[in-house]
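Colleague: Test case, fold it:
(chains A and B)
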Amino acid sequence: MIDINLIREKPEYVKKALAKKLWDADFTEFLSWDKEKRELMQVVENNKAEMNKLSASVPAAKKAGEDVSKIFARVKEIAAKNKEFEEKLQEIDVKMNDFLAALPNIPDDDLVGGGKENNKVIKVVGEKPVFNFKMKDHVELATSLGLVDYDRGAKIAGRGAWVYTGLGARLEWALLNFFMSEHLKDGYEFILPPHLLNEQSGYVAGQFPKFREDVFWLEGLEPQRFLLPTAETALVNLHRDEIMNESDLPKKYFAYTPCYRREAGSYRTEERGMIRGYQFDKVEMVQYTKPEDSDAAFEELVRKAASLVEKLGLHFQISKLAAGDISHSMARTYDIEVYIPSIDIYKEVSSASNARDYQARRGKCRYRDSATGKTRFVHTLNASGLATSRIFPAILEQYQQEDGSVLVPEVLQPFMGGIKVLKPVK
RNA sequence: GGAGAUUUACCCAAGUGGUUGAAGGGGUCGGUCUUGAAAACCGAUAGGGGGUGCAAGCCCCGCUAGGGUUCAAAUCCCUAAAUCUCCGCCA
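Modeller: Next up is the predicted model:
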């Protein structure tokens, strides 16, 4: 939610900023609603004040033995007149809320406009691996090593599903454990949230109304619930409708959940295997900060996400996203992209974003400023740390050996009972 | 799935139509007393939005949420949510 005052005061600035997100905003109608709303409020509230006053005078008048029927009639008269205005007012209110709720966040000033093509690689870590043998892709490797069973996944669940088996399951779990241990070391609090969330949570995270169609809704539950598309949805709602103490900030959380998304359907051949599925595992970090601290928190999240990939010994890059490529709710996003040799492409394994007060406004998530005693909206930030569905293939491909085996990254070995090599099953 | 109870401020809690624009207690904060603390006593403590105004202020909405009845609702009616208890179901 963008601050309505900003739109009132600098509509041209907001329009320009949103244009960088390839969003064409026109505030002329909105501002006229706003004006009308405030005029109507004057009338409605003045009428209510008069009604209140008249009603309050009834007991005294009764006591004095006066005729109160005139007061009743007068209040009724005002109420009837007011009804029309109130209905109009509510109508405008709904229109304005819908309009505001649909607006994306304002991108940070330093971002370039436009879409993906304007993303900029700001850091490259490691080098593309060189193979002096015929390299295999991760699907081939996962199958020959007995790590993933695609056929049985399709059998029991259908398209877009796979089964981690044996050492594959252990590798997946080792990744998650490794990520968790790093976050715990950094003082983040471990959260296991519910996976079925209510509509309000999707709204506050900013995924709704825009992405209502991209999540899985459950039938037979009232009120309706959906499967979370990322743990961020749960984590940024933890403190909604709360006023936190300044001393509680920053809040640093991480959660592990599968992520459920409908988008999986249309993958291209370059994305075969476990690059995209209806469900994938992710550890997600979220911070709640004071506004002045969110830039530093953002840097911390990017650094943390990158350090995980680096510790895994994988070649990757960090991209600063153009305004049009960052998600709806965010003001700023850096992607960590790991190299997948078989397709010679860098794929996102973490998206670190600063939502600033966009989500906090939607969720009325505030803290009390100890200096002024006033409430202020917090800033929320999130970053994957990490999604396994692309790290797993990256490890298989980048760590593959000529004999068809795959080395286990050193940091994962303690989480896999010391196993150092994944060997082909006969 | 069925039945019942509950939902008031930071916490507990009174309150069934009109000085309740919410008692009382606890807590918290400030003070008196004290070498210091405790105790006691005194005082403060309803939040959060919104409108208007240079401001002081004035006004509107807030007793889980949304509707309704009424001149007037925490209080009556309807709907929903959450919590608790019991029963049923339980891969």
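Colleague: for chain A, where's the lowest mean pLDDT among helices and strands?
Modeller: Every helix and strand of chain A was ranked by mean pLDDT, DSSP states H and E. The lowest is helix A:58-63, at a mean of 83.
Colleague: What is the following helix or strand past that one packed up against?
Modeller: Taking DSSP states H and E as the definition, the helix or strand that follows helix A:58-63 towards the C-terminus is helix A:69-102. Judged by 3 or more Cβ pairs under 8 Å, 6 or more residues apart in numbering; DSSP states H and E, helix A:69-102 is in contact with helix A:28-56. Using the backbone N, CA and C atoms, a C-beta is placed for each residue, glycine as well.
Colleague: average pLDDT across the helix it packs on?
Modeller: Rounded to a whole number, the mean pLDDT of helix A:28-56 is 91.
Colleague: Any buried residues in it, and which?
Modeller: Within helix A:28-56, the residues that qualify as buried are A:30, A:33, A:34, A:37, A:40, A:44, A:47, A:51, A:54, counting by 16 or more other Cβ atoms under 10 Å.
Colleague: Give me the neighbour count for the single nearest residue of the stretch 151-300 of chain A relative to RNA strand B.
Modeller: Nearest residue of the stretch 151-300 of chain A to RNA strand B, counting by Cβ to the nearest atom of the strand: residue A:222, 4.7 Å away. Burial of residue A:222 is recorded as 5 neighbouring residues (other Cβ atoms under 10 Å).
Colleague: So it lies in a helix, does it not?
Modeller: No. Residue state for residue A:222 (DSSP: H, G, I helix; E, B strand; the rest coil) corresponds to coil; a helix is not indicated.
Colleague: Contact partners for it?
Modeller: Residues near residue A:222 by Cβ atoms under 8 Å, 6 or more residues apart in numbering: none.
Colleague: and the end-to-end length of stretch A:3-12?
Modeller: 14 Å (Cα to Cα, to the nearest Å).
Colleague: Quick one: distance of it to the chain centre.
Modeller: Here the centre of stretch A:3-12 is set off from its chain's centre by 24 Å, with Cα atoms, centre = their mean, to the nearest Å.
Colleague: Equivalent analysis for stretch A:393-412, please.
Modeller: The chain centroid and the centroid of stretch A:393-412 are separated by 31 Å under Cα atoms, centre = their mean.
Colleague: Export it to PDB, keeping only CA atoms.
Modeller: Provided in PDB are the C-alpha atoms of stretch A:393-412 (Å, rounded to 0.1, in the frame of the first residue of the first chain):
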ATOM      1  CA  PRO A 393      20.600 -29.300  -9.800                       C
ATOM      2  CA  ALA A 394      23.400 -26.800  -9.600                       C
ATOM      3  CA  ILE A 395      25.300 -29.000  -7.200                       C
ATOM      4  CA  LEU A 396      24.800 -32.100  -9.300                       C
ATOM      5  CA  GLU A 397      26.000 -30.400 -12.400                       C
ATOM      6  CA  GLN A 398      28.800 -28.300 -11.100                       C
ATOM      7  CA  TYR A 399      30.200 -31.100  -8.900                       C
ATOM      8  CA  GLN A 400      29.900 -33.900 -11.400                       C
ATOM      9  CA  GLN A 401      32.900 -36.100 -12.100                       C
ATOM     10  CA  GLU A 402      34.000 -37.900 -15.200                       C
ATOM     11  CA  ASP A 403      33.000 -41.300 -13.800                       C
ATOM     12  CA  GLY A 404      29.400 -40.100 -13.400                       C
ATOM     13  CA  SER A 405      29.700 -39.500  -9.600                       C
ATOM     14  CA  VAL A 406      29.100 -36.200  -7.900                       C
ATOM     15  CA  LEU A 407      31.100 -34.800  -5.000                       C
ATOM     16  CA  VAL A 408      29.200 -33.600  -2.000                       C
ATOM     17  CA  PRO A 409      30.100 -30.000  -1.100                       C
ATOM     18  CA  GLU A 410      32.200 -30.000   2.000                       C
ATOM     19  CA  VAL A 411      29.800 -28.000   4.200                       C
ATOM     20  CA  LEU A 412      27.100 -30.500   3.500                       C
END
